[in-house]
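>>> no letters, just coordinates:
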């Protein structure tokens, strides 16, 4: 018989605490101190619950490990079979790659890739359900059906201006990749459109939306089609697929508001204006991360353009404190780690970085921005560590730079099969201030921008980047390259 050490430890702890409580009562400690909201008994129950939860989660992790080991040996791993070996649990298959495991009052959702989520996620069935209304201006969304309700109401013309919507749980929209690498599921209709944008506040409370699936030839495709004078924040998008025409992202198709602290790890592909977070940015983006692969391929190269890890095209005020770690690939114009294209005036990209490989085939491929077209735009305190490959006009920070690049560096290899292949900016270099690339990363040499690998790993280099700045943006541990203090 298997012995559950976690349960024994929990019971032993509780017995000890109860003994102490009896002694405390004899010593005159009040009942309120024992049973109140922050009382000793309340905290004991919490500890017991945490012990049970952690015990089941560890057993699930062991089942996942066993499945992966069997896969490596003879590809015979079966997650459902391994989960059913856990003592005293009920296993339910929610989808082809998704299961729930329940013991007593503790339940988890498990995906084939090893993701474990607390609670049972109901996979979306395409229906809608009215969410909980907290007040005249506040709603709680707890499942995919309620998110669909929001989409329907916004697309009917209710922009939810002055309202706040909270996402209270992780949800699963049901999109899945088949064994043949094709996707299927119920297609998601974005919340809002150019005619009926969302104008409220959507706070994801750091919950994750799994399985978003969009595959069509439309534009403005994402979780939200368009937002205007709105805030969308604290959302994670994972295990999904979005393929459409243009102005495509994971969070918002076209952003005319603010996107804050959002994350993408789903694959996105299309024709033009494609970004990991938003396809077309007319607003602000702060503290966002893309880990998804962004791809744009065309049989007629010149039609397909402007692909970025965060935004395809940046027309807004600022993208700051954001990063891309995904692969960005396009065979048109303007491919960049953060933004494919900057057009409007007085635009900034501040304190951003790229670690994902960037590949373009025509003009303007860069580690941070593909085509920095605006003469008044500023790329400040940014860095690239990845290999950048393009045709002509390829740079570690920008493929083409008509604005200003300052206090930035590149250590990634820069390659191209055309003209203007350089360490910082490929062509129309305009203004470059206090920005440097690693010697040997590119064939073209610009002496005032080139620094040795050894020097770029010293405290002196971070001090050089911080020179004449109001505060120390760059930090550095000796022996490593500088990082942003964000």
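On my side now, so go ahead. Note that this is a predicted model, so its numbers are computed, not measured.

>>> lowest-pLDDT helix or strand in this structure?
helix 31-35 (a mean of 48; mean pLDDT, DSSP states H and E).

>>> point out where the protein drops to low pLDDT.
Scanning the chain for pLDDT under 70 picks out 1-53, 298-304, 346.

>>> ok, which stretches of the stretch 101-250 of the chain are helices?
Along the stretch 101-250 of the chain, the stretches classed as helices by DSSP state H, counting those that start in this stretch are 144-155.

>>> all strands for it, in order.
106-111, 116-118, 132-135, 138-141, 164-167, 171-172, 176-177, 183-184, 201-210, 213-215, 224-243, 246-248 (DSSP state E, counting those that start in this stretch).

>>> quickly compare these and say which is most buried.
strand 246-248 (a mean of 28; mean count of other CB atoms under 10 Å). (C-beta placed from N, C-alpha, C; glycine too.)

>>> which outside residues touch it?
Residues from elsewhere that reach strand 246-248 (CB atoms under 8 Å, 6 or more residues apart in numbering): 219-222, 242, 253-254, 268, 270-275, 279-280, 312.

>>> each with direction, which strands does the next helix or strand along the chain from that strand pair with?
Toward the C-terminus, strand 246-248 is succeeded by strand 252-260 as the next helix or strand (DSSP states H and E). With DSSP bridges as the test, strand 252-260 is paired with strand 224-243 (parallel), strand 278-281 (parallel), strand 284-286 (parallel).

>>> next, the nearest residue to residue 63 once chain neighbours are set aside: phi, psi?
Nearest non-adjacent residue to residue 63, counting by CB to CB, 6 or more residues apart in numbering: residue 82, 4.0 Å away. Per-residue torsions, residue 82: phi -70, psi -40 (degrees, to the nearest 10).

>>> what's the answer for residue 323, then?
phi -150, psi 160.

>>> kindly report the same for residue 55.
phi -60, psi -50.

>>> okay, now it: neighbour count?
A count of neighbours around residue 55, defined by other CB atoms under 10 Å, yields 18.

>>> what do you get for residue 221?
29.

>>> now it. Nearest residue, chain neighbours left out?
Using CB to CB, 6+ apart, the nearest residue to residue 221 is residue 244, at 3.8 Å.

>>> show me what contacts that neighbour?
214, 215, 216, 217, 218, 219, 221, 270.

>>> that one and residue 276: what is the separation?
14 Å (CB to CB, to the nearest Å).

>>> returning to what we had before: my guess is the residue nearest to residue 63 contacts residue 60. True?
No: contact criterion CB atoms under 8 Å: residue 82 and residue 60 do not qualify, at 9.2 Å.

>>> list the contacts for residue 329?
293, 294, 295, 296, 297, 307, 335, 358, 359, 360.

>>> any idea how far it lies from residue 90?
In terms of CB to CB, residue 329 sits 44 Å off from residue 90.

>>> gap between residue 206 and residue 199?
23 Å.

>>> let me see the contact set for residue 327.
293, 294, 295, 356, 357, 358, 359.

>>> hmm, try it at 6 Å
293, 356, 357 (CB atoms under 6 Å, 6 or more residues apart in numbering).

>>> what's the closest of the strands of the stretch 101-250 of the chain to residue 481?
For the strands of the stretch 101-250 of the chain, the distance to residue 481 is smallest for strand 224-243, at 27.6 Å, taking CB to CB.

>>> any idea of the angle that closest one forms with strand 106-111?
Per axes from the mean of the first three to the mean of the last three CA atoms, to 10 degrees, the angle that strand 224-243 makes with strand 106-111 is 60 degrees.

>>> still on that earlier bit, hmm, which two among the contacts of residue 244 are most spread apart?
215 and 219 (13.8 Å).

>>> circling back to that earlier point, isn't the residue nearest to residue 63 right next to residue 65, touching?
No: the criterion here is CB atoms under 6 Å, and residue 82 misses it with residue 65 at 8.9 Å.

>>> with neighbour numbers in mind, choose between those two.
residue 82 (20 against 12).

>>> for the more buried one, which residues are in contact?
With CB under 6 Å, 6+ apart, residue 82 has these contacts: 63, 66, 67.

>>> what helix or strand does the nearest residue to the last one once chain neighbours are set aside sit in?
The shortest distance from residue 67 to any residue that is not its chain neighbour, by CB to CB, 6+ apart, is 3.9 Å, and that residue is residue 77. Assigned by DSSP H and E, residue 77 belongs to neither a helix nor a strand.

>>> any idea how far residue 77 lies from residue 263?
According to CB to CB, residue 77 and residue 263 sit 29 Å apart.

>>> which residue packs closest to the residue nearest the centre of the chain, ignoring adjacent ones?
The residue lying closest to the centre of the chain (CA atoms, centre = their mean) is residue 263, at 1.9 Å. Distances taken as CB to CB, 6+ apart put residue 236 closest to residue 263, at 4.4 Å, once the chain neighbours are dropped.

>>> closest one of the contacts of residue 327 to residue 316?
residue 356 (21.8 Å).

>>> ok, now how distant is the spatially closest residue to residue 159 that is not a sequence neighbour from residue 90?
Sequence neighbours aside, residue 199 is the residue nearest to residue 159 in space, at 4.0 Å (criterion: CB to CB, 6+ apart). Distance of residue 199 to residue 90, given as CB to CB: 44 Å.

>>> what does residue 147 give?
27 Å.

>>> quick one, which of these two is more surrounded?
residue 147 (24 against 11).

>>> so who does the residue nearest to the more buried one when sequence neighbours are not counted touch?
Take residue 147 and drop its neighbours on the chain: the residue closest to it by CB to CB, 6+ apart is residue 141, 5.5 Å away. Residues in contact with residue 141 (CB under 6 Å, 6+ apart) are 131, 147, 167.

>>> swap in 10 Å and give it another go.
Neighbour list for residue 141: 129, 131-132, 147-150, 165-169, 171, 202, 204, 207 [criterion: CB atoms under 10 Å, 6 or more residues apart in numbering].

>>> what does the closest residue to residue 461 other than its chain neighbours show for phi and psi?
Once flanking residues are discounted, residue 461 sits nearest to residue 455: 5.7 Å by CB to CB, 6+ apart. Taking degrees, to the nearest 10, you get phi -70, psi -40 for the backbone angles of residue 455.

>>> I figured residue 455 hits residue 465, correct?
No: contact criterion CB atoms under 10 Å: residue 455 and residue 465 do not qualify, at 11.9 Å.

>>> settle it for me: which of these two has more neighbours?
residue 465 (23 against 13).

>>> of all the residues in the strand or helix carrying the more buried one, which ones are buried?
Per DSSP H and E, residue 465 falls inside helix 459-466. If you call a residue buried by 16 or more other CB atoms under 10 Å, then helix 459-466 has these buried ones: 461, 462, 464, 465, 466.

>>> the fourth one: what's it in contact with?
Contact partners of residue 465, counting by CB under 10 Å, 6+ apart, are 381, 383, 406-409, 434-436, 456, 472-474, 476, 482, 484.

>>> just the third one next, same as before
Residues in contact with residue 464, defined by CB under 10 Å, 6+ apart, are 407, 409, 434, 436, 451, 455, 456, 458, 474, 482.
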